[in-house]
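Novice: my questions concern the predicted model and sequence given below.
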Amino acid sequence: MARKSKKLRLKEIEPLHTLQPDAAGIDIGATEIYVAVPKDRDNEHVRCFSTFTEDLHNASQWLKKCRIKSVAMESTGIYWIPIFQILETHGFDVVLVNAHHVKNVPGRKTDVQDCQWIQYLHSVGLLRGSFRPGQDICAVRSLLRHRDNLIKTASIHVQHMQKSLTQMNIQFHNVISDITGVTGLSIIDAIVAGQRDLDQLAGLRDPRIKASKEKIRKSLEGDYRSEHIFTLNQALQTYRHYQKMIKACDIEIEKNLNEFDSRIVPEQPALPSGKKKPRGNAPDFDLRHHMHRLLGTDLTLVDGIDVNTAHTIFTEIGPDLSCFPAPEYFCSWLGLCPTNKISGGKILSSKTKPGSNRVAQKLRMAAQSLLRSQSYLGKFYRRLRARLGAPKAITATAHKLARIIYHLIKNQKSFDQSIFMKEQESHKMRLEKNLKKQAKYLGFQLVAAQH
């Protein structure tokens, strides 16, 4: 039910040519929303509603009564999510707008004027909706983001364990690479249980550990104090609790992935044997098989792309890239393209636009991992890194990875390393030409080696 506790101060806006006559605008807050419709649809064309679910349904019914078909709103924090979902359920075309695109005109500082301004801009066709995948993809995306938060929180408690060990001057976390591995957890469990015999503790060493038993024994000698043992035990129990939550989250994610239809065509070959195995924080189930089935291609065959990156691409974008007509649009949405600011025929700036796109972050990490790769992409990254520096090289390589991923998913083809042979030969010819030019300048002559 609309709230009428206060009088709304409306402001007249002179309309231009209307492209979307059945448009409404919503200004979203934590406890209330303001909804504006065209003046000819209701005597009270701006109303305030509470954010309770019943009031949001009443707002949707009022919009239906006003013959509204499309609704625009700002993406304000997470407050827009329930409103977006309820409006979609009622059959409205909901346009989610970047807040920066509607705040460039000064003078509109109230909620009432904001919703009127959004409605006006939407009606004259000046707002572009942000990309948002389907609800089924958003469900998996929410689970993956929750899983990432669980991993980050678990890592905090690993740091707490390291702090407790350091306070007791036990240095074995500096001797082994991971205290949450088999050896690390076995030794910590024994310490918490009261074991103080250094030989017994060092004997828990796994044979795969590179550090010797003597070195581990030496690192375990310290000042065992009860208060630090207590904090170590609590950090250990909390870490294991989060590990159980992560496993439960993996079960729920796999359950959701099983509900998607396969995009693998019958004539497409089976999943090729990959060189990359799940490791680190990768789920326990066969995520690579799911991503191959849902994306129609195995992205892990691309150098630098692991199964977690492929999973992020699926949950943030989905398998359907039809909303991006060409790779240029896809890379621009990722924020990996130069943003040329030109005035007077001069380029003032060509920096990439700032953003926190999760797929772009994963692709940048993938590009950075190519530093020692002997593939074409690894050589491409090192060549740009020597010429432009690491930051620009990472962005440029991430841009190339984005183009490759776009073509693989759009065409449902397997990655073929041989298609880069032509570019490698072209680079080799340019390099040979430059060497001959430098040799001639220095008074030398290059002679091809005899094979």
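Specialist: Cool, the structure landed.

Novice: show me where the stretch 1-150 of the chain has its helices.
Specialist: Residue ranges of the helices in the stretch 1-150 of the chain, as given by DSSP state H, counting those that start in this stretch, are 53-65, 80-89, 111-123, 135-167.

Novice: what comes up buried for the next helix or strand after the last one?
Specialist: Spelled out, that is helix 135-167. Once the chain leaves helix 135-167, the next helix or strand it forms, by DSSP states H and E, is helix 182-193. Under the neighbour-count criterion of 16 or more other CB atoms under 10 Å, helix 182-193 has 183, 184, 185, 187, 188, 190, 191 buried. All C-beta spots, glycine's among them, are computed from the backbone N, C-alpha and C.

Novice: from residue 74, how far out is the fifth one?
Specialist: Counting by CB to CB, to the nearest Å, the gap between residue 188 and residue 74 amounts to 48 Å.

Novice: nearest residue to the middle of the chain?
Specialist: residue 358 (1.9 Å; CA atoms, centre = their mean).

Novice: confirm for me that that one is in contact with residue 312.
Specialist: Yes. Using CB atoms under 8 Å, residue 358 makes contact with residue 312 at a distance of 5.9 Å.

Novice: ok, and what's touching stretch 408-425?
Specialist: Contacts made with stretch 408-425 from outside it, assessed by CB atoms under 8 Å, 6 or more residues apart in numbering, are listed as 263-265, 268-269, 272, 295-299, 301-302, 313, 319, 321, 375-377, 379, 404, 407.

Novice: return a ChimeraX selection command for the buried portion of the residues you listed.
Specialist: This is the ChimeraX syntax for the buried subset of the contacts of stretch 408-425, where burial follows 16+ other CB under 10 Å:
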select :263,264,295,296,297,298,299,301,302,313,319,321,376,377,379,404,407
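
Novice: where exactly do the strands run in the stretch 151-300 of the chain?
Specialist: With DSSP state E, counting those that start in this stretch as the definition, the stretch 151-300 of the chain shows no strands.

Novice: so where's it shaky on pLDDT?
Specialist: 265-279 (pLDDT under 70).

Novice: re the thing from before, excluding chain neighbours, what is closest to the residue nearest to the centre of the chain?
Specialist: Distance criterion CB to CB, 6 or more residues apart in numbering; nearest residue to residue 358, sequence neighbours excluded, is residue 316 at 5.4 Å.

Novice: leaving out the residues flanking it, which one is nearest to residue 130?
Specialist: Residue 130 sits nearest to residue 96 (CB to CB, 6+ apart), 4.7 Å away.

Novice: OK, contacts around residue 337?
Specialist: 328, 331, 352, 399.

Novice: phi, psi of the closest residue to residue 185 other than its chain neighbours?
Specialist: Among residues not flanking residue 185 along the chain, residue 179 sits closest, at 7.4 Å (CB to CB, 6+ apart). Main-chain torsions, residue 179, degrees, to the nearest 10: phi -80, psi -10.

Novice: against residue 233, how distant is residue 179?
Specialist: 14 Å.

Novice: so which of those two has more stuff around it?
Specialist: Between residue 179 and residue 233, residue 179 has the larger neighbour count (other CB atoms under 10 Å), namely 20 against 17.

Novice: still on that earlier bit, out of the contacts of stretch 408-425, which sit inside helices?
Specialist: If you go by DSSP state H, the contacts of stretch 408-425 have 295, 313, 376, 377, 379, 404, 407 in helices.

Novice: which one of those residues is nearest to residue 122?
Specialist: residue 313 (30.5 Å; CB to CB).

Novice: got a list of what that closest one touches?
Specialist: So residue 313 contacts 295, 299, 359, 362, 405, 409 (CB under 8 Å, 6+ apart).

Novice: quick one: the residues you listed as CSV, columns for distance to residue 226 too.
Specialist: Conversion of the contacts of residue 313 to CSV gives the following (distance: CB to CB, whole Å):
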residue, distance to residue 226
295, 53
299, 51
359, 48
362, 44
405, 54
409, 56
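
Novice: between those, which sits nearest residue 142?
Specialist: residue 359 (16.0 Å).

Novice: test my guess that that closest one contacts residue 335.
Specialist: No. Using CB under 8 Å, residue 359 is not in contact with residue 335, being 9.6 Å away.

Novice: and those two? Which one has more around it.
Specialist: residue 359 (22 against 19).

Novice: name the element the more buried one belongs to?
Specialist: helix 358-368.

Novice: helices and strands around that helix, which ones?
Specialist: helix 307-316, helix 327-334, helix 390-411 (3 or more CB pairs under 8 Å, 6 or more residues apart in numbering; DSSP states H and E).

Novice: could you give the angle of it to helix 135-167?
Specialist: 50 degrees (axes from the mean of the first three to the mean of the last three CA atoms, to 10 degrees).

Novice: buried residues of helix 358-368, list them for me.
Specialist: So for helix 358-368, counting by 16+ other CB under 10 Å, buried means 358, 359, 360, 361, 362, 363, 364, 366, 367, 368.

Novice: also stretch 430-440?
Specialist: In stretch 430-440, counting by 16+ other CB under 10 Å, buried: nothing.
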